[in-house]
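>>> Can you look at this prediction? I've put the sequence above it.
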Amino acid sequence: MALSPEKLIRQRLNEGKRLFRSFTFGFGFLLFLNLLVLSIFVELILDQALDLGSITRLIWLNSSLIIGILVLFSFVLLPWFRKINDLYIARLMERKYPQFKDSLSTYVDFSSRKEEDYLEIQKALAKRASEVITYVDPVEIIPPKRVFYNFLILVTFFLSFLFYSFIWGRDLG
């Protein structure tokens, strides 16, 4: 049994929301890992160059921990629990697929209205948007470049840490 246009649109919008939430979680978590690795790497270099005392190391560790918790809260937990607007996801889809010609965002906007005057308009918009939404891949609406670039930064920091460990490995123990 084929889905009604309204249910098909709702299903695709929910898929887009799930993917967007996963994307923001991945971005925030990689940002947190980048900060953690960078903090350790900078502390190792400063300790090697300046021979930091235990109090200075403790201050650095606590500062890094506080900043890490703030980043984790701001970029991972808050976005995870934030409600994602249907209109925002619809506009992301329309940006990627101009074939919608604003029918999806207009449908989402009109679907919140319950007046009788808008029912025919809603049905016409839903029919027009559902014809295009069947071809929409929700994965394509999320730009994965930010997560990929952040992952590259994490790999770079990790390789730098390994290089540092290889060159000055005897001092790490």
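Yep, it's here. Numbering: from 1, shown residues only.

>>> now the helices for the protein?
5-50, 54-72, 78-81, 86-96, 103-111, 119-133, 138-141, 145-167, 169-172 (DSSP state H).

>>> Let me have those in JSON lines, extended by mean neighbour count.
Bear in mind the C-beta positions are built from the backbone N, C-alpha and C, glycine included. Formatted as JSON lines, these follow (neighbours: other C-beta atoms under 10 Å):
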{"stretch": "helix 5-50", "mean neighbour count": "17"}
{"stretch": "helix 54-72", "mean neighbour count": "13"}
{"stretch": "helix 78-81", "mean neighbour count": "12"}
{"stretch": "helix 86-96", "mean neighbour count": "19"}
{"stretch": "helix 103-111", "mean neighbour count": "21"}
{"stretch": "helix 119-133", "mean neighbour count": "18"}
{"stretch": "helix 138-141", "mean neighbour count": "17"}
{"stretch": "helix 145-167", "mean neighbour count": "13"}
{"stretch": "helix 169-172", "mean neighbour count": "10"}
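
>>> Output those as CSV; include the columns mean pLDDT.
Shown next, in CSV, are those (pLDDT from 0 to 100):
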stretch, mean pLDDT
helix 5-50, 87
helix 54-72, 92
helix 78-81, 91
helix 86-96, 93
helix 103-111, 91
helix 119-133, 90
helix 138-141, 84
helix 145-167, 79
helix 169-172, 58
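
>>> And the residue nearest the centre of the protein?
Centroid-nearest residue in the chain: Thr24, 1.7 Å away (criterion: C-alpha atoms, centre = their mean).
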